[in-house]
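Visitor: Whatever this is, show me its structure:
(one chain, ligands or ions: 1)
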Amino acid sequence: MADSNVMCGLVVHPKYLDYDLGDRHPFSPLRIQMVTELLTELGHKLKFETPEVVPPEKLEIIHDPEYIEVVEKAGKGIEAENFEQYGLGTADNPVKTGMAESARYIAGGTLHGAKLLLEGKFNKVLQFGGGFHHARKNLAAGFCLYNDLALAIKEMTLHGWHVAYLDIDVHHGDGVQELFYDDDKVMTISLHESGEFLFPGTGWIYESGKGMGRSLKLNLPLEPFTEGDSYIFVLEKLLDEALSYFKPDALIVQAGADPHFSDPLADLMLTTNDFEKIYKIILQKTDAYAKGKVMFTFGGGYSLVATARIWSLLYLVLTGSGIPDKLPVAWKQKWEERLGIKISDSFHDPNPSYNPIPRKEEITNHNKDMLRRLLDMVTPDWL
Ligand SMILES: [Zn+2]
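Guide: Got it, this is the predicted structure:
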């Protein structure tokens, strides 16, 4: 098993763990530790690439200089009157010492992953962090400070690459979409729980790009309680249509684990078996339409144990490794004690995982209809 990650670049830095927004904040750095320890306990020898920190001035390619200055000051504990104007000092984005530097290490990791793809060192990359898709040009939002994804995508387009960005986090990838809204080198695809019910309240099908980017920003708002079979049906159809048209040089995937049925912040119903299928579909479509090049980042995911299992699964699928039946006993015991919760023995979710969902047919038909309306709107521009 020692060489199972040879074909997949892994990126992480110890500084990622300093992106800690407080014990009661849902965005927990423990998730990175839990995934790393789970895979290690399963016998995988993880060989990580160590990224360099991104200096503040390099972020100006994505963010306003004034915004960067305020975030950096906040990260050093320097008070500023205008925090609120930049989305800082809120419940979602509290001001914590060290957060700005840590966010720059994480951005450095996603950028490093992009460089691994650009240089051809790896065709597949897994960044053990990042996915800060809500960060805007001059606004912190949804636990995100610096938009690591946009920084990586920008680097790739500056090398002349066309990039497709796929966002499977349960929340709309609003920041990335906005930063490339009129860019014809970037296609964004976001599947999320409808903004009618969930933060950030955007991601409607009519947000489809402007100018040179017209009809290249694709949003599929899904009904609450959407289950895996409906999700996978629309995902596969949308990827086939969009990627066979756009033919990107690489795919960047924000792989938030929060569409899981147990996630406390959202209402989709994916199981770990669904995630396994979804990852395999994304890899197939990468080979078919994106020159076999893909980077996955982490993202949301607020059920800690489910998220640790889901991102471990992502690693196992990316490296073509076997998927175990049981969680390692030592890992389970350690985290049961640490989190004060009971963890089930199995690696995958139990089957069935949850009680039957009422309105299943209605939800499935609604999602199909939304996909049809999206494609009817954008595909005439693709001819
Ligand atoms: Zn999310």
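
Visitor: Tell me how far residue 372 lies from residue 355.
Guide: Residue 372 is 30 Å from residue 355, where distance means C-beta to C-beta, to the nearest Å. Yep, even glycine has a C-beta here, placed from its N, CA and C like the rest.

Visitor: Do you have the helices of the protein handy? List them.
Guide: Along the chain, the stretches classed as helices by DSSP state H are 30-41, 65-75, 99-119, 148-158, 174-179, 228-246, 272-289, 304-318, 329-339, 360-378.

Visitor: Now do the fifth one: which elements does it pack against?
Guide: It stands for helix 174-179. Packing partners of helix 174-179 (3 or more C-beta pairs under 8 Å, 6 or more residues apart in numbering; DSSP states H and E): helix 148-158, strand 186-193.

Visitor: Also compute the angle for the shortest one relative to helix 272-289, please.
Guide: Angular relation of strand 186-193 and helix 272-289 on a 0 to 180 degree scale: 160 degrees, by axes from the mean of the first three to the mean of the last three C-alpha atoms, to 10 degrees.

Visitor: Near residue 81, how many other residues are there?
Guide: If you count neighbours by other C-beta atoms under 10 Å, residue 81 ends up with 6.

Visitor: Residue 280 now?
Guide: A count of neighbours around residue 280, defined by other C-beta under 10 Å, yields 11.

Visitor: which residue sits closest to it, ignoring its sequence neighbours?
Guide: Once flanking residues are discounted, residue 280 sits nearest to residue 317: 6.1 Å by C-beta to C-beta, 6 or more residues apart in numbering.

Visitor: Hmm, residue 111 and residue 295 touching each other?
Guide: No: counting by C-beta atoms under 8 Å, residue 295 stays clear of residue 111, with 10.5 Å between them.

Visitor: more neighbours, the two?
Guide: Taking other C-beta under 10 Å, residue 295 and residue 111 do not tie; residue 295 has more neighbours (31 against 26).

Visitor: Could you measure from the more buried one over to the ion?
Guide: 18 Å (C-beta to the ion, to the nearest Å).

Visitor: Residues that sit against both of residue 295 and residue 111, list them.
Guide: Any residue near both residue 295 and residue 111 by C-beta atoms under 8 Å, 6 or more residues apart in numbering counts here, and that gives residue 152.

Visitor: pLDDT wise, what is the closest residue to residue 221 other than its chain neighbours at?
Guide: Nearest non-adjacent residue to residue 221, counting by C-beta to C-beta, 6+ apart: residue 194, 3.8 Å away. Note for residue 194: predicted pLDDT of 98.

Visitor: list the contacts for residue 194?
Guide: For residue 194, the contacting residues are 203, 221, 222, 223, 224, by C-beta under 8 Å, 6+ apart.

Visitor: Return the nearest residue of this structure with respect to the ion.
Guide: Closest to the ion within the chain is residue 300: 2.5 Å, counting by C-beta to the ion.

Visitor: circling back to that earlier point, how about a markdown table for the helices of the chain, with distance to residue 135 and mean pLDDT added?
Guide: What follows is the helices of the chain, written out as a markdown table (distance: least, C-beta to C-beta, whole Å; pLDDT from 0 to 100):
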| stretch | distance to residue 135 | mean pLDDT |
| --- | --- | --- |
| helix 30-41 | 19 | 98 |
| helix 65-75 | 9 | 96 |
| helix 99-119 | 9 | 98 |
| helix 148-158 | 8 | 98 |
| helix 174-179 | 5 | 98 |
| helix 228-246 | 24 | 98 |
| helix 272-289 | 23 | 98 |
| helix 304-318 | 20 | 98 |
| helix 329-339 | 28 | 98 |
| helix 360-378 | 25 | 98 |
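
Visitor: So for residue 372 and residue 355, which sits in the more crowded spot?
Guide: Counted by other C-beta under 10 Å, residue 372 and residue 355 do not tie: residue 372 has more neighbours, with 12 against 6.

Visitor: Show me what stretch 88-95 is in contact with.
Guide: Stretch 88-95 has contacts (C-beta under 8 Å, 6+ apart) with 21-22, 25, 70-71, 74-75, 83-84, 87, 140-145.

Visitor: Which one (most neighbours) among those residues?
Guide: Going by other C-beta under 10 Å, residue 145 tops those with 32 neighbours.

Visitor: pretty sure that residue is in contact with residue 106, am I right?
Guide: No: with contact defined as C-beta under 8 Å, residue 145 does not reach residue 106; the gap is 9.1 Å.

Visitor: residues shared between the contacts of the two?
Guide: Counting by C-beta under 8 Å, 6+ apart, the residues touching both residue 145 and residue 106 are residue 132.

Visitor: circling back to that earlier point, let me know which of the helices and strands packed on helix 174-179 is tucked in deepest.
Guide: Neighbour counts (mean count of other C-beta atoms under 10 Å) averaged over each of the helices and strands packed on helix 174-179 peak at strand 186-193, with a mean of 27.

Visitor: Would you format the helices of the chain as TSV with distance to residue 199 included?
Guide: As requested, these are exported to TSV (distance: least, C-beta to C-beta, whole Å):
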stretch	distance to residue 199
helix 30-41	19
helix 65-75	21
helix 99-119	20
helix 148-158	18
helix 174-179	9
helix 228-246	19
helix 272-289	21
helix 304-318	18
helix 329-339	25
helix 360-378	19
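
Visitor: Any chance of JSON lines for the ones you listed, columns distance to the ion?
Guide: Output for those, formatted as JSON lines (distance: least, C-beta to the ion, whole Å):
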{"stretch": "helix 30-41", "distance to the ion": "13"}
{"stretch": "helix 65-75", "distance to the ion": "21"}
{"stretch": "helix 99-119", "distance to the ion": "16"}
{"stretch": "helix 148-158", "distance to the ion": "13"}
{"stretch": "helix 174-179", "distance to the ion": "11"}
{"stretch": "helix 228-246", "distance to the ion": "15"}
{"stretch": "helix 272-289", "distance to the ion": "14"}
{"stretch": "helix 304-318", "distance to the ion": "11"}
{"stretch": "helix 329-339", "distance to the ion": "20"}
{"stretch": "helix 360-378", "distance to the ion": "19"}
